[in-house]
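Student: could you work out the structure for the sequence below:
(2 chains)
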Amino acid sequence: MDFKKLVKKAKSIKVSSEFINTLALAGITAIIISTFFIAIPMAEKVFPGIRYDLQTKSSYWKKTFVLDAGTYQSDADETAAIIAKRLDAYKVEDYEIQIHQSRTEINPEEPLLLEDSPDSDNIAQLGDSQADETSDESSKPEKENIESEREDEIEESQIESEESKETESETREPTQNNPAPGEAPESNYEMRYKIEVTVQSTKDPYYVQMLIMSKNEIKIMTVKDGVSFDDPENPYQKLLEDNYDETGFNNNSFRNIAIKKLINQQGDPYYFTIFKPKSGPTAESFRQFMSQTIGQEIGVSIDGFVKPYPNYMGEEDQIIMGLTDDPEEAAFYRLLLNSETLPADVAVDDIIDKKPLAMEIDYLKVTISFIVGTLASAVLIYLFTENKSAKLISALSYLLSTGFVISVGIAYLKITGQEVDLLFLVIGGLISAYVSAAFSVMNISLISLKGSSKKAGRLLFFLSASAIILITARYLGKGYIHHFAYTASLIIVSSYLASNLATLYLNNLKKYFQK
Amino acid sequence: MNSHVYLLVKFILIAAIPIIATLLTHFYFFRNIKRLTGIFAGYLVILAVFIGAYLLASQKFNIDFSGLQEIAVIFTSIIYTITTTIQDSGKKGRLSSKLIKFYSLIAVISISTAIFLPKEIITLTVISVLSSLIGTAVQFMMLNIANET
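Tutor: The predicted model follows:
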């Protein structure tokens, strides 16, 4: 058939507005019913074979990490700021950082940071528990050994850094000692800065601890002359930084450290770390370094733990190293390796287990009680509405808008499989109910705004004030507020739109049934 | 810094954001100095009631809110913003019937939902709703005083 004739015929078909209205009503009704059924608790049992279960966050843990940040306030402040940035980026639910000074005894025979050996035990214990939990993974025992070696290395480097700080003291003035009268001589004490990081989270405690205490100091190194790694009794010699020389390439030499999923030699997907130097002279000197060390074994040191890298490629302008097959671990290293380097070594003085807030909520019971509360409020709205003809529509509109906003939110979470905190779901539900109730009471619908500048002003005032409160809370706040503010903004705006749409939908439905 | 002082300073900082936001936007849209004074006084009372109730619950009854109190401050601010908006639709100097209706509604929803929630959340919800209610009452009182003088 001729295309022009087809278009002409299509144009001649008259579609009545009644037909479009009916079609729209049917479509919206279908959407409302389907989102409601996806959102109801136990939906996966109603629809067997389809995964409509809500992914709730696992239980919370809470710990306080007490860190020794040395004798310089600037170091302590900078360390706290970097830790806060890392925890924010890792989306740790809640944390609190406090800095205070502590008078610490200096043991002349034993360097201060070695006194913290119980902390190393704590770290090892945490690493052990991590490894125990995932003991089915063959790579974990190796990781455990590597971590303990790494701790030893960190301790050694801490001693060195303490020594280097002594020489540095001419340019930077440490805190003055203030001993109490009658106590030991002044020279036996020093004021040290302690950082207390209290974390409450559902995230892996091992990764959180690594984010808090890892210095993230990256160095490209070459094997020292005369050092051999052939001794079978010391298989970990090649992991120790002492056996390597620095090359001058460090964190600042790389534009970013990419973690990419590639295919390994066995043909399996695997995450690789790619160290690519900054363009310009750094890239040129890095290329020269790689061509000079062709055929040799070089190493990448991260916080004193060296990962050997056989340089077979030579002309390459980047280092590509295998990392892990675990996506969670890869995400963690992507964050850590690209974070700022701590200004000084930190030692963990203590790790205190605390009782986390009981966030366990019975989803079913809370849903039922919320539904009962919303129904009771709808009855009140029915009684409060003075206009007799609008009573039922007001009550139903409130019910529909609150229910629809919450249902869409839950359905979205279920379909995308995102983990959610039930507590915040409840708070979100309450905000939605409050906002819908407020708009029902004020009757600031989109239709009523026409010709009413006062109503428009009130609506704009409410939306602007809420937006400013939540945007500021998101960007200045941290922890729960930081994560919740964005969701709350969405809930407020969608509640207003939903209450308008609900009224429009119900009025059209009423007209349809009155015909 | 003493941890209680630190918490208080933090509270005041968090509460300052909604105060400034509400006052600025209210001034931009309505330019009513009398009402602005009332809103400001209400906010100060909310802050005082909230901090007092929070300290009482956490110190006297040893309830650990674990950072949720900051969400509660923002939550209270949203409720207060709603009440300020509703109040603007009422008659001058009179407690708006719309406001009473709104508080009845949120009381019904909050009480019924809170039954199965942990005690920390129930306490915070009660503190939020009560402090915003008291703040709103003070806002009315201030407005009445301003209208009479």
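Student: how many other residues sit next to B:Ser110?
Tutor: Using other CB atoms under 10 Å in any protein chain shown, B:Ser110 has 19 neighbouring residues. C-beta: built from backbone N, CA, C; applies to glycine.
Student: for the one 5 residues further on, same thing?
Tutor: Counted with other CB under 10 Å, the neighbours of B:Ile115 add up to 14.
Student: what does B:Ser131 give?
Tutor: Neighbours of B:Ser131 (other CB under 10 Å): 26.
Student: tell me where chain B has helices.
Tutor: B:3-30, B:33-55, B:68-88, B:97-114, B:119-148 (DSSP state H).
Student: okay if I get those as CSV plus distance to A:Phe384 and mean pLDDT?
Tutor: Output for those, formatted as CSV (distance: least, CB to CB, whole Å; pLDDT from 0 to 100):
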stretch, distance to A:Phe384, mean pLDDT
helix B:3-30, 25, 67
helix B:33-55, 24, 82
helix B:68-88, 13, 78
helix B:97-114, 5, 82
helix B:119-148, 18, 82
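Student: closest to A:Gln318 out of the ones you listed?
Tutor: A:Gln318 lies closest to helix B:68-88 among those, at 43.6 Å (CB to CB).
Student: run the chain-centre distance for the closest one.
Tutor: From the chain centre to the centre of helix B:68-88 is a distance of 5 Å (CA atoms, centre = their mean, to the nearest Å).
Student: repeat for stretch A:284-294
Tutor: For stretch A:284-294, the separation from the chain centroid amounts to 37 Å (computed by CA atoms, centre = their mean).
Student: ok now do the residue of chain B found nearest chain A, which residues does it touch?
Tutor: Of all residues in chain B, B:Ser112 sits closest to chain A, at 3.1 Å by CB to the nearest CB. Residues in contact with B:Ser112 (CB atoms under 8 Å, 6 or more residues apart in numbering or on different chains) are A:369-370, A:372-373, A:376.
Student: A:Thr29 too?
Tutor: Contact analysis of A:Thr29 by CB under 8 Å, 6+ apart lists nothing.
Student: ok, back up a step: hey, which of the helices of chain B is tucked in deepest?
Tutor: Ranked by mean neighbour count under mean count of other CB atoms under 10 Å in any protein chain shown, the helices of chain B are led by helix B:68-88, which reaches a mean of 25.
Student: does chain B sit close to the lengthiest helix in chain A?
Tutor: Among the segments of chain A that qualify as a helix by DSSP H, the longest is helix A:479-514. Yes. With CB under 8 Å from any CB of the partner chain as the measure, helix A:479-514 is seen reaching chain B through A:479-481, A:484-485, A:488, A:492.
Student: for the residues you listed, point out the one with the lowest pLDDT.
Tutor: Checking pLDDT across the residues of helix A:479-514 next to chain B, the minimum falls on A:Gly479 at 68.
Student: follow-up on the earlier one: for A:Ser464, find the nearest of the helices of chain B.
Tutor: helix B:3-30 (4.6 Å).
Student: next, the angle helix A:479-514 makes with the helix or strand harbouring A:Ala465.
Tutor: Using DSSP states H and E, A:Ala465 maps to helix A:453-476. If you take axes from the mean of the first three to the mean of the last three CA atoms, to 10 degrees, helix A:453-476 sits at 150 degrees to helix A:479-514.
Student: number of residues surrounding whichever residue of the stretch 51-200 of chain A sits closest to chain B?
Tutor: Nearest residue of the stretch 51-200 of chain A to chain B: A:Asp94, at 3.9 Å (CB to the nearest CB). Using other CB under 10 Å, the number of residues around A:Asp94 comes to 24.
Student: show me what it is bridged to.
Tutor: A:Gln200 (DSSP bridges).
Student: coming back round to it: how near is the residue of chain B closest to chain A to A:Ala76?
Tutor: 48 Å (CB to CB, to the nearest Å).
Student: now A:Lys282. Nearest residue, chain neighbours left out?
Tutor: No Lys there; residue A:282 is Thr. Leaving aside its chain neighbours, A:Thr282 sits nearest to A:Ser253 (5.4 Å; criterion: CB to CB, 6 or more residues apart in numbering or on different chains).
Student: pull the contacting residues for that neighbour.
Tutor: A:220, A:277-278, A:282, A:286.
Student: next one: it from chain B, what distance?
Tutor: Distance, A:Ser253 to chain B, by CB to the nearest CB, to the nearest Å: 39 Å.
Student: same deal with A:Phe275?
Tutor: 37 Å.
Student: what of A:Val306?
Tutor: 39 Å.
Student: cool, A:Tyr512 as well?
Tutor: Using CB to the nearest CB, A:Tyr512 is found at 29 Å from chain B.
Student: likewise A:Ile20?
Tutor: 35 Å.
Student: secondary structure class for that residue?
Tutor: helix (DSSP: H, G, I helix; E, B strand; the rest coil).
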